[in-house]
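*Asks:* give the three-dimensional model of this entry:
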Amino acid sequence: MKHVPVISAKEAAQKVKDGDTLLIGGFGMTGNPTNLLHVLATTETNDLTYVANNVGESDLGGGKLLRNGQIKKIVGSYFTSNRDAVDAALSGDVEYELLPQGTLAEALRAGGAGIGGFYTPASAGTLLAENRETRVLNGTEQVLVEGIRGNVAFIRAWKADTVGNLVYRMTEQNFNKAMATAADIVIAEVQEIVPAGTLDPETVHTPGCFVDFLVESPLSEENLGISASIETHREIPESRMNIARRAYQELQRGDMVNLGIGIPILVSEFIQAKDEIVVHTENGMLGMGPSPADGGGAMDYPVNAGKIPVTPLDGTSYFDSADSFGMIRGGHIDVAIMGGLEVDESGNLANWSVPGKPLLGVGGAMDLASGAKRLIITLTHTSRDGSSKIVPSCKLPLTAKNAVSTIITDIAVFDYSAGELTLREIMPGSSIEEVRAKTAARFVERLAG
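*Replies:* Prediction:
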């Protein structure tokens with residue numbers, strides 16, 4: 001079989017031309033072709049359209065290209081973690097296009113498969129659907145999204161053989177697998193290149209026909225950024241733990257559950273083996289366990305959607321971001337537990353943007369909110385200024401319409417099972433008077449007992 005050329009990182013960077021659309025694999029700094037990007041940042045190549053889930057740290061990966069002024073436009077799902085990206089977007093120095101995370105993954109998969117576009121329920125009825133064609137299919141409003149292709153893709157794999165077959169490590173498939181199919185020139189940065197025949201064909205994630213060049217470039221914790229070390233544990237307020245504890249009580253034995261960052265991820269503290277609850281992470285893991293007890297980082301363990309190292313349980317599986325969101329949109333995830341900024345009387349959710357902040361960080365929220373069988377929102381009942389987060393109608397940009405099943409706050413539990421916002425329970429330490437005083441939305445009371 002024909003061998004794929006092995007080139008240097010400098011030669012790889014020379015494949016990228018001014019004005020190119022550059023696809024960059026990775027999730028955070030996990031599975032990110034950091035070394036290739038660092039070399040590209042030493043060149044004079046400019047006016048790039050940078051397609052990735054996120055740009056990366058300010059001084060790592062694509063963050064260097066951004067700071068150099070080499071990027072003309074960014075396309076992705078989450079840029080708010082990079083202050084430079086926010087500043088560049090606000091000042092108009094770079095154009096930007098925000099896509100829900102699952103939509104981005106599917107657009108890349110479509111582009112790589114020669115499909116011009118597809119309809120998705122994610123983002124329907126939100127700001128991100130403006131100026132896009134929409135249709136009602138099977139009774140659901142859906143948004144048309146075009147497939148994405150690039151001139152060059154930089155991806156990261158763990159191993160390659162000499163004919164270009166690739167194997168990814170743990171949660172490092174993420175966007176790499178789809179991007180390997182969706183560019184005219186695909187360059188894979190890999191930890192190790194082995195002779196053809198060394199890899200078990202059943203373990204190959206990306207066949208060699210998609211790969212044009214290989215760069216052997218070992219990765220270290222120094223260029224993994226925030227994903228390299230375990231999360232620093234801090235004391236969690238008891239009120240937040242109470243919300244998480246109550247949310248856990250909503251879960252059924254055997255549920256497939258996605259836990260968002262913030263209060264939702266605290267629910268994992270209460271899940272026990274006997275519950276047979278399987279935790280899903282949208283970056284490509286089914287069967288997430290607790291943080292590693294040995295303090296190991298992303299060189300040793302998979303990471304969750306918060307980019308924090310976690311442990312795999314018996315029966316865990318790994319997959320790429322496109323498959324992960326296919327699970328969500330396809331109704332294979334029983335429950336999604338997410339945070340919220342506002343929830344209204346109609347079950348609309350706003351949780352991704354606040355006034356005065358740029359609209360640069362939707363992540364996977366829209367896909368999860370519209371795709372999970374049941375959506376539980378956990379949040380403090382009021383904002384810092386005392387205003388209610390349970391409102392007549394959302395004023396903040398919507399994440400999803402008519403999607404919320406249950407709301408759990410520090411003082412009350414509501415649901416929509418009766419077809420309207422219904423108070424079902426008062427949390428310990430609160431009272432009906434407090435709930436009435438702090439809830440702006442109209443609700444009916446159907447308290448147990």
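*Asks:* okay, and the helix or strand of this protein with the least pLDDT?
*Replies:* Ranked by mean pLDDT, DSSP states H and E, the weakest helix or strand in the chain is helix 83-91, scoring a mean of 82.
*Asks:* which residues sit against that one?
*Replies:* 55, 58, 63, 66-67, 71, 74, 79-80, 93-94, 96, 358, 360 (C-beta atoms under 8 Å, 6 or more residues apart in numbering). For glycine as for every other residue, the C-beta is placed from the backbone atoms N, C-alpha and C.
*Asks:* could you do stretch 274-284 as well?
*Replies:* With contacts defined as C-beta under 8 Å, 6+ apart, stretch 274-284 is touched by 27, 30, 101-102, 171, 173-174, 251, 253-259, 268, 271, 286-288, 303-305, 310, 315, 318-321, 323-325, 327-328, 333, 364, 367-368.
*Asks:* cutoff 7 Å now
*Replies:* 27, 101, 171, 173-174, 251, 253-259, 268, 271, 286-288, 304-305, 318-321, 324-325, 327, 333, 364 (C-beta atoms under 7 Å, 6 or more residues apart in numbering).
*Asks:* now it: mean pLDDT?
*Replies:* For stretch 274-284, mean pLDDT is 94.
*Asks:* and for stretch 189-196?
*Replies:* 96.
*Asks:* and if you look at stretch 109-125?
*Replies:* For stretch 109-125, mean pLDDT is 96.
*Asks:* tell me where the stretch 201-350 of the chain has helices.
*Replies:* 238-248, 263-266, 321-329 (DSSP state H, counting those that start in this stretch).
*Asks:* nearest to Ser388, out of those?
*Replies:* helix 238-248 (16.1 Å; C-beta to C-beta).
*Asks:* quick one: closest of the helices of the stretch 201-350 of the chain to Ala12.
*Replies:* helix 321-329 (23.3 Å).
*Asks:* contacts for that closest one, please.
*Replies:* 101-102, 105-106, 109, 120, 174-175, 178, 280, 282-284, 333, 367-368, 371-372.
*Asks:* can you say which of these are buried?
*Replies:* Buried residues within the contacts of helix 321-329, defined by neighbour count using 16 or more other C-beta atoms under 10 Å: 101-102, 105-106, 109, 120, 174-175, 178, 280, 282-284, 333, 367-368, 371-372.
*Asks:* take the residues you listed and keep only those in strands.
*Replies:* Thr120, His280 (DSSP state E).
*Asks:* how many neighbours does the closest residue in space to Gly347 that isn't next to it in sequence have?
*Replies:* Distances taken as C-beta to C-beta, 6 or more residues apart in numbering place Val404 nearest to Gly347, at 4.2 Å, with adjacent residues excluded. Val404: 25 surrounding residues under other C-beta atoms under 10 Å.
*Asks:* what do you get for His3?
*Replies:* The burial count for His3: 13, using other C-beta under 10 Å.
*Asks:* swap in Thr206?
*Replies:* Counted with other C-beta under 10 Å, Thr206 comes out at 25.
*Asks:* and stretch 93-106, how far from the chain's centre?
*Replies:* 11 Å (C-alpha atoms, centre = their mean, to the nearest Å).
*Asks:* how about stretch 155-172?
*Replies:* The answer for stretch 155-172 is 21 Å, by C-alpha atoms, centre = their mean.
*Asks:* how much space between Gln249 and Thr80?
*Replies:* In this view, Gln249 and Thr80 are 32 Å apart by C-beta to C-beta, to the nearest Å.
*Asks:* the two: who's more crowded?
*Replies:* Remark: of Gln249 and Thr80, Thr80 carries more neighbours, 18 against 10, as counted by other C-beta under 10 Å.
*Asks:* quickly list the domain ranges of this structure.
*Replies:* Here the domain parsing of the chain from automatic domain parsing is 9-218, 239-445.
*Asks:* and for Gly340, the neighbour number?
*Replies:* So Gly340, with other C-beta under 10 Å, has 28 neighbours.
*Asks:* who's in contact with it?
*Replies:* Neighbour list for Gly340: Leu349, Asn351, Ile377, Leu379, Lys389 [criterion: C-beta under 7 Å, 6+ apart].
*Asks:* need the residues you listed in a markdown table (columns: distance to Leu219).
*Replies:* Below are these laid out as a markdown table (distance: C-beta to C-beta, whole Å):
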| residue | distance to Leu219 |
| --- | --- |
| Leu349 | 38 |
| Asn351 | 33 |
| Ile377 | 37 |
| Leu379 | 38 |
| Lys389 | 42 |
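*Asks:* hmm, which of the residues you listed is lowest in pLDDT?
*Replies:* Minimum pLDDT across the contacts of Gly340 falls on Asn351, with 91.
*Asks:* local confidence estimate at the closest residue to that one other than its chain neighbours?
*Replies:* Once flanking residues are discounted, Asn351 sits nearest to Gly340: 4.5 Å by C-beta to C-beta, 6+ apart. Looking at Gly340, its pLDDT is 94.
*Asks:* quick revisit: can I get the domains of the chain in TSV with distance to Lys2?
*Replies:* Formatted as TSV, the domains of the chain follow (distance: least, C-beta to C-beta, whole Å):
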stretch	distance to Lys2
domain 9-218	7
domain 239-445	26
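*Asks:* what sits up against stretch 182-190?
*Replies:* By C-beta under 7 Å, 6+ apart, stretch 182-190 touches 12, 15, 23, 33, 35-36, 108, 111-112, 148-160, 166, 180, 210-217.
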